[in-house]
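Trainee: One predicted model, sequence on top.
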Amino acid sequence: MKHFVAIEQLSVNDIHQLLDRALAFKQGEVVKPQPRFIANLFFENSTRTHLSFEVAQRRLGMQVLPFDASQSSISKGETLYDTLLTLEAIGVEAVVIRHSENNYYEPLVDKLKMSIINGGDGSGHHPSQSLLDVMTIREEFGTIAGLKILISGDLAHSRVARSNAYVLQQLGAELFFSGPAALYDESFNTYGSYCEIDEAIAEMDVVMLLRVQHERHQNNNDDTKTDYHAQFGLTNERAQQMKATAIIMHPSPVNRGVEIADELVESKRSRIVTQMQNGVYARMAILEAITQ
Amino acid sequence: MKHFVAIEQLSVNDIHQLLDRALAFKQGEVVKPQPRFIANLFFENSTRTHLSFEVAQRRLGMQVLPFDASQSSISKGETLYDTLLTLEAIGVEAVVIRHSENNYYEPLVDKLKMSIINGGDGSGHHPSQSLLDVMTIREEFGTIAGLKILISGDLAHSRVARSNAYVLQQLGAELFFSGPAALYDESFNTYGSYCEIDEAIAEMDVVMLLRVQHERHQNNNDDTKTDYHAQFGLTNERAQQMKATAIIMHPSPVNRGVEIADELVESKRSRIVTQMQNGVYARMAILEAITQ
Amino acid sequence: MKHFVAIEQLSVNDIHQLLDRALAFKQGEVVKPQPRFIANLFFENSTRTHLSFEVAQRRLGMQVLPFDASQSSISKGETLYDTLLTLEAIGVEAVVIRHSENNYYEPLVDKLKMSIINGGDGSGHHPSQSLLDVMTIREEFGTIAGLKILISGDLAHSRVARSNAYVLQQLGAELFFSGPAALYDESFNTYGSYCEIDEAIAEMDVVMLLRVQHERHQNNNDDTKTDYHAQFGLTNERAQQMKATAIIMHPSPVNRGVEIADELVESKRSRIVTQMQNGVYARMAILEAITQ
């Protein structure tokens, strides 16, 4: 595997092999330090993904170069390609990139010797998030096949939702989507069916909530948030209707009291913290596969 | 010791034990590397404290995660608690936090497994600074008991002054305070007595100056600075009245020519550079105690 | 060598000794890790120089402290001298500084124990760039003596051009300068002769282009860029007139289609990527010399 840019590039077998490595890392597997130079280019803010990659890299013994996008030569008008050419020249073997432009990596992947790991592109892909989500579900249920999974929220703008819908269907899950009709995207019909959250909630094995991206919306006041919670969010009442074995997931950061009730975030059913923990191990598996 | 948030949490015995370790580190004591992940969350600018902690962490062999507060998910509206929950999930065992809000750590300390080290909270506490100040005095005089110590400057807004007044009194010093009456806070009467700098200067063993925080004041012109220096600052004339064995201290950054005459900063009497050196060792002792 | 601030401080012998070490590093020479603390203070944006120094430092096993100029106490009004005094006190043995002020290092070099490595000062010097340029030419031709070298572009504002003109003349090259007359500086007459690029191009062994610093100029539109390229740039047509053995150099970042045709940047004649690669090794040699 040279690049890791979209979950769609992986076969079912690839996914399970990566997850086996991720779980081995979680169980404490230690690897020989890889003193390779790597850089994380985050052109959009992120705590979780950025630091999760950084911890994964350090645990693999990599040399992580500090790269501050806001202070780079990009601000002198340099293209992303020329920045990567520089990094390659000074010895960087792989980069993790988060960028606001969908498919930013397409003109780059064939022109560089270095590996590109996609840390999120616009509303396009977020494959390392998908991998950690699948890892968390497989760890819980032993398999994905046959599970009923609801993805609820702003589907149209979510880079997580599309990758997850694709990969979970590939792995045999039955998918349901809910959330505001205006934020639904009909292309999801390929993967599953749109419904009201109240119709589906009692049948689901996994309820996966998406973040309301307040920073992308206007009319972002407290009333709107309360309304969203009541109509589309996972309220305490809805959580009580869930199956005994069902779990709650969210890619974080969470808007407490909007897409999910505050008390549910760290509740027994929630795997939100587990997702963050698994993120490090899933990314170790990706980094190992890329640099082998 | 799980958290280190205020000097008031330490007994006299605790303080001396920490200082013994700090001095051992200063004398070259080497410890087994602690490959723990730690992060420094500085929500207010700082060179000295931030880098001093970073050097201390590296000398202890810790893995220091880069955290840029201005580019974190805090800017997406995430709470400090949720940011810490994320850091804990990805494997961070301790954080150093500087925050503009007094007592920011109070709602956090019981809810997290990770350790919190207070790197300064608003006008509240700055316990690692207190520890290095006490270290510098004990190193100089062998003891704190019986010393006459003057703290001069903007006492009301100083997070250093209050912690120091508390701990130095606990350790047996006799305290005096001076500076603009408008910037005095009567709560300091518990620890010592207010006086004019010219009344006290000749009797003091330690003259500890506080930084005039220009960025917090209006009317910040050259006249005001000259006036401050003449009325409240440590001028060359005042320094000449000091006892032969007396020392000058300042937490830095220094406003040369305002709270202290330019020439005195690196003079023979000054322990300002020593304070910065000791800061690294005092913080090594704190970090060691937290992570044991 | 305590400081490295200007190429003019080096004798011809010094330069060749540094280049011998740089080439040894390029050929894989490994050195004992130097666990010294070093910090990179970049008060102007830079990707290339900053990260190139960082890679060089890590390859030498140094401890690189993160220093964010925009978030430092400089923003509280602290002077550069006092910042360096702090860094020295906490154990930093050398700093790399890029600063907008010419000769910023002059008042500092005699007052500090730490080493200062100049990473670029205003329109003054950029000695590590000069060293990697000389390295690239010597690596190509085995010598500098007798080579015909053209430096073309905004000579007046370039910190690279002056250092290079000085050192290349010292080492025996014959120098030519071209570019807009308004951006020429007569002080270059000491080192060589001003000419039209079309007069000189066919005779040159090295064509060294300078970056058009759009951020310093007004009237920065596409017409201006096309005009510049046609009149002063290295067009495809001009490149075809170059000697079979001649090479193209540029300090980067490149404005493709302005000072150089897009296709030439990574062409067979171009040593632009080699310059970036050599930058790491040249800087390793500098760092080794400074810290010995």
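Mentor: Nice, I can see it.
Trainee: I'd like the average pLDDT over the longest helix along chain A.
Mentor: Longest helix in chain A, counting residues (DSSP state H): helix A:272-290. Helix A:272-290 shows a mean pLDDT of 96.
Trainee: do the same with stretch A:1-19
Mentor: Mean predicted lDDT for stretch A:1-19 stands at 92.
Trainee: Same check on stretch A:151-168?
Mentor: 92.
Trainee: Near A:Met249, how many other residues are there?
Mentor: 23 (other C-beta atoms under 10 Å in any protein chain shown). In short, each C-beta sits where N, CA and C put it, glycine included.
Trainee: wait, A:Val31
Mentor: The tally of other residues near A:Val31 (other C-beta under 10 Å) stands at 13.
Trainee: Would you check that it makes contact with A:Leu60?
Mentor: Yes - with contact defined as C-beta atoms under 8 Å, A:Val31 reaches A:Leu60; the gap is 6.3 Å.
Trainee: Next, show the common contact partners of those two.
Mentor: Overlap of the contact sets of A:Val31 and A:Leu60 (by C-beta atoms under 8 Å, 6 or more residues apart in numbering or on different chains) consists of A:Glu288.
Trainee: quick one: the residue in the stretch 151-292 of chain A positioned nearest to chain C from A:Gln34, how far?
Mentor: For the stretch 151-292 of chain A, the residue closest to chain C is A:Thr291, as judged by C-beta to the nearest C-beta, at 16.9 Å. With distances taken as C-beta to C-beta, to the nearest Å, A:Thr291 is found 6 Å from A:Gln34.
Trainee: what element comes up after the helix or strand of chain A with the lowest mean pLDDT heading to the C-terminus?
Mentor: For chain A, scoring each helix and strand by mean pLDDT, DSSP states H and E identifies helix A:222-232 as the least confident one, at a mean of 90. Counting by DSSP states H and E, the next helix or strand C-terminal to helix A:222-232 is helix A:236-240.
Trainee: Which positions in that next one come out as buried?
Mentor: A:Arg238, A:Ala239 (16 or more other C-beta atoms under 10 Å in any protein chain shown).
Trainee: Pull the distance from that helix to the chain's centre.
Mentor: Its chain's average C-alpha position is 25 Å from that of helix A:236-240, according to C-alpha atoms, centre = their mean, to the nearest Å.
Trainee: next one: stretch A:192-207
Mentor: Stretch A:192-207 sits 21 Å away from the centroid of its parent chain (C-alpha atoms, centre = their mean).
Trainee: Stretch A:23-32 too?
Mentor: With C-alpha atoms, centre = their mean, you get 21 Å for stretch A:23-32.
Trainee: How about residues contacting it?
Mentor: With contacts defined as C-beta under 8 Å, 6+ apart, stretch A:23-32 is touched by A:Arg59, A:Leu60, A:Gly61, A:Met135, A:Glu139, A:Gln277, A:Asn278, A:Val280, A:Tyr281, A:Met284, A:Ala285, A:Glu288.
Trainee: Next to chain C, which bits of chain A? Give me the list.
Mentor: A:37, A:39, A:63, A:65-68, A:71-79, A:82-83, A:85-87, A:89-92 (C-beta under 8 Å from any C-beta of the partner chain).
Trainee: Please repeat the previous calculation with a cut-off of 10 Å.
Mentor: Residues of chain A lying close to chain C (C-beta under 10 Å from any C-beta of the partner chain) are A:35, A:37, A:39, A:63-79, A:81-83, A:85-92, A:111.
Trainee: Sitting in helices, which of these do you find?
Mentor: Using DSSP H, those in helices are A:Tyr81, A:Asp82, A:Thr83, A:Leu85, A:Thr86, A:Leu87, A:Glu88, A:Ala89.
Trainee: Show the buried residues in the residues you listed.
Mentor: Looks like those have A:Asp82, A:Thr83, A:Leu85, A:Thr86, A:Leu87, A:Glu88, A:Ala89 buried, using 16+ other C-beta under 10 Å.
Trainee: Which pLDDT does the model give the fifth one?
Mentor: Looking at A:Leu87, its pLDDT stands at 96.
Trainee: Please parse chain A into its domains.
Mentor: Annotated domains of chain A cover A:3-125+A:277-291, A:128-271 [the TED database].
Trainee: Pull out the buried residues from the longest helix of chain A.
Mentor: Under 16+ other C-beta under 10 Å, the buried positions of helix A:272-290 are A:272, A:274-290.
Trainee: need the domains of chain A in CSV with distance to B:Gln27, can you?
Mentor: Putting the domains of chain A into CSV (distance: least, C-beta to C-beta, whole Å) gives the following:
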stretch, distance to B:Gln27
domain A:3-125+A:277-291, 30
domain A:128-271, 45
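Trainee: where exactly do the helices run in chain A?
Mentor: Using DSSP H, helices in chain A cover A:12-26, A:48-59, A:80-89, A:127-141, A:159-170, A:197-200, A:222-232, A:236-240, A:272-290.
Trainee: Can I get these in CSV including distance to B:Leu234?
Mentor: Formatted as CSV, the helices of chain A follow (distance: least, C-beta to C-beta, whole Å):
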stretch, distance to B:Leu234
helix A:12-26, 57
helix A:48-59, 44
helix A:80-89, 50
helix A:127-141, 56
helix A:159-170, 59
helix A:197-200, 68
helix A:222-232, 53
helix A:236-240, 62
helix A:272-290, 51
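Trainee: Determine which two of the contacts of stretch A:23-32 are furthest apart.
Mentor: The largest separation in the contacts of stretch A:23-32, counting by C-beta to C-beta, is between A:Gly61 and A:Glu139 at 25.2 Å.
Trainee: What is the burial count for the residue of the stretch 151-292 of chain A closest to chain C?
Mentor: Neighbour count of A:Thr291, defined by other C-beta under 10 Å: 17.
Trainee: What residues does it make contact with?
Mentor: Going by C-beta atoms under 10 Å, 6 or more residues apart in numbering or on different chains, A:Thr291 touches A:Met1, A:Gln34, A:Arg36, A:Ile38, A:Gln57, A:Leu60, A:Met62, A:Glu93, A:Ala94, A:Ser115, A:Ile117.
Trainee: Please tell me how far it sits from A:Ser115.
Mentor: For A:Thr291 relative to A:Ser115 (C-beta to C-beta), the value is 7 Å.
Trainee: Between the two, which contacts overlap?
Mentor: By C-beta under 10 Å, 6+ apart, the residues touching both A:Thr291 and A:Ser115 are A:Met1, A:Arg36, A:Ile38, A:Glu93, A:Ala94.
Trainee: Which ones among those residues map onto strands?
Mentor: A:Ile38, A:Glu93, A:Ala94 (DSSP state E).
Trainee: isn't the first one right up against A:Val95?
Mentor: What it means is A:Ile38. Yes - contact criterion C-beta atoms under 10 Å: A:Ile38 and A:Val95 qualify, at 6.9 Å.
Trainee: shared neighbours of those two, anything?
Mentor: Here A:Ile38 and A:Val95 have A:Leu65, A:Leu87, A:Met114, A:Ser115, A:Ile117 as joint contacts, going by C-beta under 10 Å, 6+ apart.
Trainee: ok, and the closest non-adjacent residue to the fourth one?
Mentor: Spatial nearest neighbour of A:Ser115, chain neighbours left out: A:Ala94 (4.0 Å); criterion: C-beta to C-beta, 6 or more residues apart in numbering or on different chains.
Trainee: what number of residues lie near that neighbour?
Mentor: Counted with other C-beta under 10 Å, residues neighbouring A:Ala94 total 23.
Trainee: contacting residues for it?
Mentor: A:2-4, A:36-40, A:57, A:62, A:87-88, A:114-117, A:287, A:290-291.
Trainee: how does it look with 8 Å?
Mentor: By C-beta under 8 Å, 6+ apart, the neighbours of A:Ala94 are A:Arg36, A:Ile38, A:Met114, A:Ser115, A:Ile116, A:Ile117, A:Leu287, A:Ile290, A:Thr291.
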